[in-house]
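A.B. asks: A structural model of the following input is requested.
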Amino acid sequence: MIGRFGGSAMMKRIAPARLLSTFAAGCLICAVVAIATSGMPAVFAIVLIGFFHSIMFPTIFALGIRHLGPLTKRGSSLMVMAIIGGAIFPAIMGRISDASSVQTAFIVPLICYVYILYFAVAGYKPSNTLADEVLEAEAQSA
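C.D. replies: Numbering: from 1, shown residues only. You can find the predicted model right below:
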C-alpha cells in the first residue's frame, strides 16, 4: 500500500517511464540480493520487491497502449491476455525451486525484471511502420 500511494504521488512529478525503470531497477537489485544472500537481507529484499511491484501493472498497461491510435483496442486486449504470465512464471519458478533451491528460482523474476527495465526505457515506444502495416493489412482484407 505504501508503494502504491507513494508511487502514485511520485508519478505526479516523475515521468511514468522513468519511474517504471527506477522501480524495475529496484526489483532487479532486490532479486540479485535475494539470490546472492541468505537470512534477513534476503527476506528484506523479497519484501521490497513487493514495494517495487506496486506501480508496475498500471504503468506498463498505460505505456503499452500509449500512441497506438486505432490499434488501442487490440493492444489493450493483448495486454489483458498477457496477465496469464502471472500464472505461468510462478509455476516455472516452483519447478526450478523444487529442482534446486528457492534462491536459484529467483532467476525467473530476475529475467522478467530485465525485460520490464527494457520496456520502460525503450520498449513501450511503438514502431510506426508496424502499426501502419497492420492497418494496411486490415484495410486490404475489408
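
A.B. asks: Find the centremost residue of the chain, please.
C.D. replies: The centroid of the chain falls nearest to Ile116 when counting by CA atoms, centre = their mean (4.1 Å).

A.B. asks: OK, contacts around the closest residue in space to that one that isn't next to it in sequence?
C.D. replies: In space, and not counting its chain neighbours, Ile116 is closest to Ala24: 4.3 Å by CB to CB, 6 or more residues apart in numbering. Where C-beta positions appear, they are placed from N, C-alpha and C, glycine not excepted. Listed by CB atoms under 8 Å, 6 or more residues apart in numbering, the contact partners of Ala24 are Phe52, Met56, Tyr113, Ile116, Leu117, Ala120.

A.B. asks: Tell me which helix or strand comes right after the helix or strand hosting Ala24.
C.D. replies: Applying DSSP states H and E as the criterion places Ala24 in helix 16-36. For helix 16-36, the succeeding helix or strand toward the C-terminus, using DSSP H and E, is helix 40-53.

A.B. asks: Next, the angle helix 16-36 makes with that next one.
C.D. replies: 160 degrees (axes from the mean of the first three to the mean of the last three CA atoms, to 10 degrees).

A.B. asks: Just the CA trace of helix 40-53, in CSV.
C.D. replies: The C-alpha trace of helix 40-53 is given here as CSV (Å, rounded to 0.1, in the frame of the first residue of the first chain):
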residue,chain,number,x,y,z
MET,A,40,17.4,-11.3,6.9
PRO,A,41,19.0,-9.4,3.9
ALA,A,42,17.3,-11.8,1.5
VAL,A,43,14.0,-11.6,3.4
PHE,A,44,14.1,-7.8,3.3
ALA,A,45,14.9,-7.8,-0.4
ILE,A,46,11.9,-10.0,-1.2
VAL,A,47,9.6,-7.8,0.9
LEU,A,48,11.0,-4.7,-1.0
ILE,A,49,10.2,-6.4,-4.3
GLY,A,50,6.5,-6.1,-3.3
PHE,A,51,7.0,-2.4,-2.8
PHE,A,52,8.6,-2.0,-6.2
HIS,A,53,5.7,-4.0,-7.9
